[in-house]
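In: predicted model and sequence follow; I will ask about them next.
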Amino acid sequence: MNKVFLIGNLTRDPELTETASGVKICRFAIAVNRSYTGGDGERKTDFFNCVAWRGLGETIARFTRKGTKVAVVGSIELRNYEDNQGVKRTAVDIVAQDVEFLSPRAGSSDFDEFSEPSQPASGGRAKPQLQPFDDDSDIPF
């Protein structure tokens, strides 16, 4: 089984491109802090290159930017290539299958998410108000 779960912050803005056949691909990188500190007392960080295809890639490119905290579920993929000097190299990518955005939306705070909106969301119409109802006279017991 090849499955990886990562939580980290984007190290740069995502790059959305298109293959020759028209399929969207989004490349982004995340920094993931290790759960322990090194001998020098500092926490180490790992950097992962990620790839998301089609609609998921478009969504990531649209709603994230450098610094956004995300949870990525995907698989590890090794790529072999030859660099400009003819040296064979291996690159490791995380192919994202699911990404959850963990940072609050820009311009909002945790409090704003749970408070009433200042303007009605239904095209300017106010919510109907409930009226008290007290009619105990029809109860048969």
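Out: Yep, that arrived. Numbering: from 1, shown residues only.
In: for Ala31, see how far away Asp40 is.
Out: Asp40 sits 19 Å away from Ala31, going by CB to CB, to the nearest Å. In short, each C-beta sits where N, CA and C put it, glycine included.
In: the more surrounded of those two?
Out: Between Asp40 and Ala31, counted using other CB atoms under 10 Å, Ala31 has the larger neighbour count: 14 against 6.
In: pull out the buried residues from the host helix or strand of that one.
Out: Using DSSP states H and E, Ala31 sits in strand 24-37. For strand 24-37, the buried set under the neighbour-count rule, 16 or more other CB atoms under 10 Å, comprises 24-30.
In: residues making contact with that strand?
Out: 6-19, 43-58, 60-61, 64, 70, 72 (CB atoms under 8 Å, 6 or more residues apart in numbering).
In: distance check, Thr37 against Arg43.
Out: Going from Thr37 to Arg43 by CB to CB gives 5 Å.
In: show me the beta-bridge partners of Arg89.
Out: Going by DSSP bridges, Arg89 is paired in beta bridges with Tyr81.
In: residues contacting it?
Out: By CB under 8 Å, 6+ apart, the contact list for Arg89 reads 80-83.
In: now swap in Thr68 and tell me
Out: 9-10, 101, 103.
In: give me the phi and psi for it.
Out: Here is the backbone geometry of Thr68 (degrees, to the nearest 10): phi -60, psi 130.
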